[in-house]
Every structure is written in C-alpha cells, then in structure tokens.
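K.L.:
this is a predicted model, with the sequence first.
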Amino acid sequence: MLKLYTYFRSSAAYRVRIALNLKGLEHELIPVNLLKSEQSGEAYLHKNGQGLLPALETEHGVLAQSLAILEWLEETQSGAALLPQDPWQKAQVRNFCYAVACDIHPIDNLRVLKYLSNELGVTDDQKNEWYRHWVIEGFNKLEPMIGAGPFCFGTEPSLADVCLVPQVFNALRFKVDMSVYPKISRVYEHCNTLEAFSNAAPENQPDAQ
Ligand SMILES: N[C@@H](CCC(=O)N[C@@H](CS)C(=O)NCC(=O)O)C(=O)O
C-alpha cells in the first residue's frame, strides 16, 4: 500500500493528500512532525534525504517532491484524471501549478520563515508581512488565469485545484484579504464541498493539533 509521509499543516503534503483522495487510492498516512524537526531526523532522512515533506513510499521506493509525486500518480495510477489530454491545456494546468509550487510556496516555507526570525531577527509582524506579500504577488497573477469554473480549468478538478487549495488555506491562516480574489475564493469554496478536498484538509488529519 502507498504510504504518505505527511504533516497536517504541510501544504505540499496537502496537495498529495487531495490527489490520493481524488483518485480513490488506498494509502497510509505517516505523520512527521515539522515543529519537532522530525523531517531532519535520521529516521526520516533515511526515507527522504531531501529532508522535506511530503514523501511517498511506493513499491519502487520513496519518491519526494510533491509535483513529481502528483505526476507519477497521474501516469501510473487509476482513478480520476487530473491533467487534461490536450497538450496545450495540460501545459496551462502545469503553468498554474508551477506558479503556486515554484513561485509562491518556496519563499514562504517554514525554513525560510525560521531563517527570517532566528538568523535575521525580523519581528513576527514583519515575518507575517513577508508571508502575505509573496502570496499577494502570486495570487495577483493566478486570479486572471482562472476560468468560468467551477474549478480552475473547467468542470472537473485538476492538479491546478490540487495546488491552489492548500495555498489558499495558508493565505487564510496568515490573514490575506481574500475578498480581492473572487475567482480564487470561489474555486476554494467549491473544492471544499468535495470530500476528497475536505478530508485532506489540515484540521481533518490524524496528527492535527
Ligand atoms: N518543493 C517541495 C517543497 C517541500 C517543502 O518545502 N515541504 C515543507 C512543508 S510544506 C517542509 O518540509 N518544510 C520543512 C522545512 O522547511 O524545514 C515539494 O513540493 O515537495
């Protein structure tokens, strides 16, 4: 059975939890506590030498990087297709995913925030302002990419929704004003009416605190 190394608030792991649910794939969740730095401990590094969440244990070995995991699931596993067949439309979905996972998420990651606080001595207010700034920069670019819906690209969920929803969850946690993003907000609310998304949400995880 697939095993997902996860932390309830890890948005990269949240992406994979949603995809596993949308595809209806049986899996086991193995919590790794980021606040206790378990991702840097020997036991986890033995599984994933990159020391980041998530990682997926498969019959072939352990795979890291959420986008690589999502693509591998898409190519090898049954269940709902999360990328369109048409190459151009597929590239549009990937474009959206990368805008979230490569342009927004890495600058607002836990280790970046810890570095700001612990090494550069910024205040909590400044750190939260940093967080919001990069989300706002990113969401300003994402909002016009979203179509009529109800999902980011049409009437079925895709990897774009899988990447967007965790990022919106984080934005809300850091009190980004979402009223200026009506399309992103609409997609977020619609996705969360589906069990595949709501069951993957941080508050519904076994390791939620
Ligand atoms: N590009 C990676 C990012 C992985 C990542 O940064 N994961 C975060 C949790 S969302 C993490 O493990 N952070 C631990 C840390 O920053 O020390 C992916 O998409 O999987």
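P.N.:
Everything's here; your move.

K.L.:
how about the strand or helix carrying Ala91 against the ligand, any contact?
P.N.:
Assigned by DSSP states H and E, Ala91 belongs to helix 87-98. No - judged by C-beta under 6 Å from any ligand atom, helix 87-98 stays clear of the ligand, getting no closer than 10.0 Å. Heads up, the C-betas are built off the backbone N, CA and C, glycines and all.

K.L.:
now do the buried residues in that helix.
P.N.:
90, 92-94, 96-97 (16 or more other C-beta atoms under 10 Å).

K.L.:
from the residues you listed, pick the one nearest Asn33.
P.N.:
In terms of C-beta to C-beta, no member of those lies closer to Asn33 than Cys97, at 26.9 Å.

K.L.:
what's the separation between Tyr115 and Pro106?
P.N.:
To Pro106, Tyr115 is 12 Å away according to C-beta to C-beta, to the nearest Å.

K.L.:
Gln167 now?
P.N.:
Gln167 is 12 Å from Pro106, by C-beta to C-beta.

K.L.:
the more surrounded of those two?
P.N.:
Using other C-beta atoms under 10 Å, the more surrounded residue of Gln167 and Pro106 is Gln167, with 25 against 12.

K.L.:
can you tell me the closest non-neighbouring residue to the more buried one?
P.N.:
Distances taken as C-beta to C-beta, 6 or more residues apart in numbering put Val100 closest to Gln167, at 5.1 Å, once the chain neighbours are dropped.

K.L.:
quick check: mean pLDDT across the helix or strand hosting Leu116?
P.N.:
For Leu116, the host element (DSSP H and E) is helix 110-118. For helix 110-118, mean pLDDT is 95.

K.L.:
next helix or strand past that helix?
P.N.:
helix 124-142.

K.L.:
ok, back up a step: with respect to the ligand, which of the buried residues of helix 87-98 is nearest?
P.N.:
Cys97 (10.0 Å; C-beta to the nearest ligand atom).

K.L.:
helix or strand: which one has the closest residue to that closest one other than its chain neighbours?
P.N.:
Of all residues not flanking Cys97 in the chain, Cys163 sits nearest, at 4.5 Å (C-beta to C-beta, 6+ apart). Element membership of Cys163 [criterion: DSSP H and E] is helix 159-173.
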